[in-house]
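Asks: With the input below, show me the fold.
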Amino acid sequence: MPKFSYRPYQPEDAEKLCRLQAAVFGITRTPEYWRWKYRANPAGNDNTWVAEDAETDSIVGMNGLVPIRVGVYGEQVIAYQSLDIAVLEEYRRYFVHFEIARRQDSGDCAFVFAFGEAVTVKVSTALMGYVAVGPTPRVVKPLSLQPFVPPRWRGLARFADPVFRLVTRPRSTSPPSGATIGRVDRFDERYDRLWREEAKRHPLAVWRDSAYLNWRYLDTPEEGYEAYGMEREGQVLGFSVLRRVAVDGRPRGRILELAAAEDDPVITRALLSHAVSRFTERRLETAAAWIFAADPRWSAMKDLGFISRPRAGRQMVVRTENGVVPTEMTATPDNWRISWGDSVDD
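Replies: Numbering: from 1, shown residues only. The predicted structure follows:
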């Protein structure tokens with residue numbers, strides 16, 4: 001049996017983490033990615049632990065815990081998001097992940113949450129004290145016929161796409177009188193004011209102030225993020241964050257953030273309309289977001305042609321740590337204002 005060393009992650013481990021993630025998931029990361037994710041977070045440093053094989057001097061397993069500020073009716077608490085769970089296949093029979101989790105201390109955080117796949121969700125809820133909130137609430141708007149036909153018909157679907165887009169194009173919604181939508185290069189204190197007011201209206205929501213938004217989307221070494229703000233006479237009325245991704249080689253669009261002052265339906269629809277237009281201009285095949293059915297933004301999404309398509313097996317789970325926020329509250333989907341960007345592994 002290998003001799004393992006279990007310890008907290010250190011910045012000098014970044015290269016080893018890159019190799020581990022590439023071996024387990026085929027994902028290419030850079031050392032800068034781990035420094036950004038674990039040590040530049042405005043909520044504080046990570047609580048990630050690793051397992052090291054003493055004989056090979058290599059990291060063979062890891063379990064990431066990233067601190068996230070969460071608003072509870074506008075009052076901030078610290079939660080941890082569990083992510084980056086990886087163990088080399090040949091070491092899994094030694095229960096490396098459980099040994100890491102057993103040693104991790106979540107400290108004074110209110111709760112731990114995660115967006116997991118079927119296997120990890122089953123293990124987490126059965127053996128590690130997590131409670132299932134529900135399926136990750138993905139909604140999708142088709143922008144092309146190509147993802148929905150057999151491969152041999154995709155050439156024909158490509159020629160039919162202009163007609164498909166014309167027929168399914170929702171009526172465009174303009175911003176309120178005097179307001180404009182423009183690219184955001186940096187979130188500032190105006191977004192802090194917007195979010196402080198919005199946070200009071202939601203039982204549970206990631207704290208989306210300028211520090212978080214800049215770190216999460218504009219400071220990341222990963223590419224492809226586009227941030228937009230709606231303004232009128234210098235006042236911020238809402239914002240969105242979009243991203244182009246490739247899924248199995250197919251170009252898809254994700255709405256990672258969308259917030260409107262007081263969930264104003266006109267502002268919401270205008271930001272959604274703008275997002276769909278951006279994706280259509282770039283010839284992306286779908287527009288997708290995460291949103292629970294009780295969220296007031298869902299009505300606008302349905303009006304614009306979004307349909308519910310949760311991904312099979314992917315669920316949100318939570319585990320209460322110190323009793324400050326009761327399990328009954330965190331485990332109720334309707335309490336969460338969720339966006340795809342809440343998963344730091346988007």
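Asks: check contacts around the spatially closest residue to residue 296 that is not a sequence neighbour.
Replies: Once flanking residues are discounted, residue 296 sits nearest to residue 263: 4.4 Å by Cβ to Cβ, 6 or more residues apart in numbering. C-beta here means a position set from N, CA and C on the backbone, and glycine is covered the same way. By Cβ atoms under 8 Å, 6 or more residues apart in numbering, the contact list for residue 263 reads 201, 296-297.
Asks: State whether residue 33 is indeed within a helix.
Replies: Yes: per DSSP: H, G, I helix; E, B strand; the rest coil, residue 33 lies within a helix segment.
Asks: Quick one: neighbours of the closest residue to it other than its chain neighbours, just the number.
Replies: Closest residue to residue 33 apart from its sequence neighbours, by Cβ to Cβ, 6+ apart: residue 221 at 5.3 Å. The tally of other residues near residue 221 (other Cβ atoms under 10 Å) stands at 13.
Asks: Could you do residue 299 as well?
Replies: A count of nearby residues for residue 299, using other Cβ under 10 Å, gives 13.
Asks: picking up where we left off before, looking at the contacts of residue 263, state which has the most neighbours.
Replies: Ranked by neighbour count (other Cβ under 10 Å), the contacts of residue 263 have residue 297 at the top, with 24 neighbours.
Asks: What separation is there between it and residue 185?
Replies: 25 Å (Cβ to Cβ, to the nearest Å).
Asks: repeat for residue 195
Replies: Residue 195 is 18 Å from residue 185, by Cβ to Cβ.
Asks: ok, those two, which is more surrounded?
Replies: The residue with more neighbours, out of residue 195 and residue 185, is residue 195; 24 against 9, by other Cβ under 10 Å.
Asks: Find the helix or strand that that one is a member of.
Replies: Assigned by DSSP states H and E, residue 195 falls within helix 189-199.
Asks: Residues in contact with that helix: which ones?
Replies: Residues contacting helix 189-199 (Cβ under 8 Å, 6+ apart): 71, 73-74, 205, 207-210, 213, 229, 234-239, 259, 261-262.
Asks: which ones among the residues you listed are found in helices?
Replies: Judged by DSSP state H, those include 210, 213 as members of helices.
Asks: which among the contacts of helix 189-199 end up buried?
Replies: When these are checked for burial by 16 or more other Cβ atoms under 10 Å, the buried set is 71, 74, 205, 207-210, 213, 229, 236-239, 259, 261.
Asks: Between which two of these is the distance greatest?
Replies: Farthest apart among these by Cβ to Cβ are 74 and 229. That separation is 21.6 Å.
Asks: what residues are up against residue 319?
Replies: Taking Cβ under 8 Å, 6+ apart, we find residue 319 in contact with 111-113, 124, 128-131.
Asks: just to revisit the earlier point, in the helix holding residue 195, which residues are buried?
Replies: Neighbour-count burial for helix 189-199, with 16+ other Cβ under 10 Å as criterion, is recorded at 191-192, 194-195, 198-199.
Asks: How about stretch 278-285?
Replies: Within stretch 278-285, the residues that count as buried by 16+ other Cβ under 10 Å are 278-280, 284-285.
Asks: so who does residue 1 touch?
Replies: Contacts of residue 1 by Cβ under 8 Å, 6+ apart are residue 94.
Asks: ok, now the one 4 residues further on?
Replies: Taking Cβ under 8 Å, 6+ apart, we find residue 5 in contact with 51-52, 54.
Asks: Of those residues - the most surrounded one?
Replies: Within those, neighbour counts (other Cβ under 10 Å) peak at residue 51, which reaches 25 neighbours.
Asks: right, and that one touches residue 59 too?
Replies: Yes: in this structure, residue 51 is within contact of residue 59 by Cβ atoms under 8 Å, at 6.9 Å.
Asks: related to what we said a few turns ago, going by distance to residue 178, which of the contacts of residue 319 wins?
Replies: Nearest to residue 178, judged by Cβ to Cβ, of the contacts of residue 319 is residue 113 at 39.2 Å.
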